[in-house]
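> structure for the following, please:
(one chain, ligands or ions: 2)
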Amino acid sequence: MIDVEIIRAQFEQQYGIHPRLIVRAPGRVNLIGEHTDYNDGFVLPAAIDRATYVAARPRDDTRVHIVAVDLHDEDEFALDVPIEQSVTHPWSNYIRGVVKGLLVAGHTLGGANLLITSDVPRGSGLSSSAALEVATGYAFQVLNRLNILGEELALLAQGAENSFVGVQCGIMDQFISALGQRDHALLLDCRDLNYQPVPLPADAQIVVCDSHTERRLAGSAYNDRRDECDQAVQLFRQWYPKIRALRDISVAQFHQHEADLPEPVRARARHVITENDRAVRGAAALEAGDVATFGQLMNASHTSLRDDYEVSIPDMDALVAAAQQVPGCYGSRMTGAGFGGCTVSLVETSAVERFKRNVAAAFRQATGRDTTIYVCRASDGVGRAASE
Ligand code: ADP
Ligand code: MG
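Ligands and ions are numbered 1, 2, ... in the order given. Okay, here's the model as predicted:
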């Protein structure tokens, strides 16, 4: 956790005056429900206790100045001319996109001085981008008294990433950063954004292991998978003409027709349909305090992502295998879109130190490289870390 007094001091040093407020928006990890979001299905993310902080103070003019502490960089843009993408400061586009979204929606904004810092690792799949967007949106809605919160704030942040930064992400990351709840995951229905908080076990920790692999194939493979899901929906319409997405097919319906589907569409559909079912059953297991069943569903999720959806890579399989062997690890799987990034495991609190030692050693032996391990606690969504 970053000390807000340090952020306040950095802001004062930069701008010669203290910030009006400091906003905190968390990163996230998805516990189960992978590649279900764009199939109108369920996901089960938790906000984590690593966050992006935006310290802010209004200015008298119509300019926005930003200091990105972690990048040793700064940027400035005006509010009274159309906001353009920055080529020289790509990180600034997450902020510019959010601000532009507010202006396009018709809100009047005053200028501001901002300072940004974060302990969410950048580009590791813990969604530092959503944390930055949500923190920025929250800061501007406070400074300008707009009352844009919750789902509306999440949609504003997602819109910035989709249409300004140009990444076609779903709503999960921004939604959980805006609406996460301490010690809970959220079962989110990506079709209608209904959600339900699900309590996490008191005596287990969420442990994230970063494989530090470059996610090279991610973009094209992601588009291929989306196409294959669309093909599966088309094929299922022979039998169920009214379906809109794979979310509308039950596991039993899938088994009834799977022999008539060509590969790889059959395998892709099998993953999505069973994963959606695992997300719903996993939430019910946690609700019932049945961590062992939840862990088994996590393990099954990884197998399905590896064999049916084919989005894992050997390094992540090695991390997951190492985790699954540690006594006290309930379950482990790759998390995120795949082709690198992080794994998530649920580990009995008393076994966490052993888990860290064993997984680090096994991963080094399998790959010759080091993993970075983050022990996380589910935290609240965006809010004020401090006010004037
Ligand atoms: P992820 O969301 O998985 O962390 P992304 O590639 O989607 O990875 O987003 C990472 C990008 O977000 C960074 O390259 C940077 O442009 C921006 N970003 C994230 N955190 C910060 C930060 N603390 N300061 C400035 N820019 C940041
Ligand atoms: Mg991101």
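> and the stretch 51-200 of the chain, which of its residues are near ligand 1?
The interface of the stretch 51-200 of the chain toward ligand 1, taken as Cβ under 6 Å from any ligand atom, is made up of 52, 68, 70-71, 90-91, 94, 116, 118, 122-129, 132. No exception for glycine: its C-beta is placed from N, CA and C like everyone else's.
> give me that answer again for 8 Å
Contact residues, the stretch 51-200 of the chain versus ligand 1 (Cβ under 8 Å from any ligand atom): 52, 68-71, 73, 90-94, 116-118, 120-132, 161, 167, 169, 173.
> how about low-confidence regions in this protein?
216-218 (pLDDT under 70).
> please repeat the previous calculation with a cut-off of 90.
Applying pLDDT under 90 to the chain flags the ranges 1, 123-125, 167-170, 213-223, 337, 386-388.
> closest residue of it to ligand 2?
Of all residues in the chain, residue 129 sits closest to ligand 2, at 3.3 Å by Cβ to the ion.
> ok, now which ones touch the residue lying closest to residue 228 once chain neighbours are set aside?
Leaving out its chain neighbours, the residue that sits closest to residue 228 by Cβ to Cβ, 6 or more residues apart in numbering is residue 268, at 4.4 Å. Contacts for residue 268 were tallied using Cβ atoms under 8 Å, 6 or more residues apart in numbering; they are 225, 228, 229, 232, 308, 309.
> show me what the host helix or strand of residue 365 is packed against.
Assigned by DSSP states H and E, residue 365 falls within helix 352-367. If contacts are counted by 3 or more Cβ pairs under 8 Å, 6 or more residues apart in numbering; DSSP states H and E, helix 352-367 sits against strand 204-210, helix 314-324, strand 372-376.
> I'd like the next helix or strand past the last one.
Following strand 372-376 in sequence order, the next helix or strand is strand 383-387 (DSSP H and E).
> residues contacting that next one, please?
Among residues not part of strand 383-387, those counted as contacts by Cβ under 8 Å, 6+ apart are 4, 7, 8, 19, 20, 21, 22, 23, 24, 53, 138, 142.
> just the buried residues of that strand, please?
Within strand 383-387, the residues that count as buried by 16 or more other Cβ atoms under 10 Å are 385, 386.
> so what strands line up beside that strand?
Strand 383-387 pairs in its sheet with strand 21-30 (antiparallel), by DSSP bridges.
> close to ligand 2, is the partner strand?
No: using Cβ under 5 Å from the ion, strand 21-30 stays clear of ligand 2, with a minimum separation of 9.2 Å.
> report the distance from stretch 355-363 to the chain centre.
Stretch 355-363 has its average C-alpha position 25 Å from the chain's average C-alpha position, going by Cα atoms, centre = their mean, to the nearest Å.
> separation between residue 30 and residue 341?
Applying Cβ to Cβ, to the nearest Å, the value for residue 30 to residue 341 is 11 Å.
> overlap in contacts, these two.
residue 335.
> restricted to strands, list the residues of the stretch 51-200 of the chain next to ligand 1.
Judged by DSSP state E, the subset of these located in strands is 52, 68, 73, 116, 117, 118.
> my read is that the last one contacts residue 129, right?
No: distance between residue 118 and residue 129: 10.5 Å, which falls outside the contact criterion (Cβ atoms under 8 Å).
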